[in-house]
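Asks: coords please:
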Amino acid sequence: MPPTSSLLRRTAKSPTLRKIAVVVLLVIVYQVWLSVQATGKVGPGVGELRDPRGRFAVDVELGFKPERYHILQLQKHGRIAGTDGDMVHLRGVAPAGVDALTREYWIEHIEAPSGAPR
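Replies: Now for the predicted structure:
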């Protein structure tokens, strides 16, 4: 009678399961990379001046002129108050919105608005 192989050994021999494991590993690595690159994106003073609902204004620096896609993605987290070159001004952003914005790889920096409140 042949020796029975373990479940792990049979799994390692299956090409389909190996491909699934590689895809799962790539997704995990990508999520870890997004979390690591998100640190340090938020400047000092972000979220200090909150409205009664706990929301605040931020300036989002992209490093390039925003296109329609970027504006639509930013609108998920706040109201667009305008753009200045590669800077997009958002109002009514929640703390969770800032966390979500930091995970976008195409956003370079998030800071408190400079100058007078808008």
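
Asks: Tell me which stretches of this protein form helices.
Replies: Under the criterion DSSP state H, helices of the chain are mapped to 7-13, 15-38, 68-75, 95-102.

Asks: Pipe those into CSV and attach distance to Glu108 and mean neighbour count per row.
Replies: The C-beta positions use only the backbone N, C-alpha and C, and glycine is treated the same way. Converted to CSV, the helices of the chain look like this (distance: least, C-beta to C-beta, whole Å; neighbours: other C-beta atoms under 10 Å):
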stretch, distance to Glu108, mean neighbour count
helix 7-13, 42, 10
helix 15-38, 10, 11
helix 68-75, 12, 14
helix 95-102, 11, 16
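
Asks: between those helices, which has the poorest average model confidence?
Replies: Lowest mean pLDDT of those: helix 7-13, a mean of 77.

Asks: out of the helices of the chain, nearest to Leu62?
Replies: Leu62 lies closest, by C-beta to C-beta, to one member of those: helix 68-75, at 6.4 Å.

Asks: distance between that closest one and the chain's centre?
Replies: Here the centre of helix 68-75 is set off from its chain's centre by 13 Å, with C-alpha atoms, centre = their mean, to the nearest Å.

Asks: now the angle between helix 95-102 and it, please.
Replies: 150 degrees (axes from the mean of the first three to the mean of the last three C-alpha atoms, to 10 degrees).

Asks: re earlier: export the helices of the chain to TSV and tack on distance to Ala112?
Replies: Formatted as TSV, those follow (distance: least, C-beta to C-beta, whole Å):
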stretch	distance to Ala112
helix 7-13	51
helix 15-38	18
helix 68-75	16
helix 95-102	11
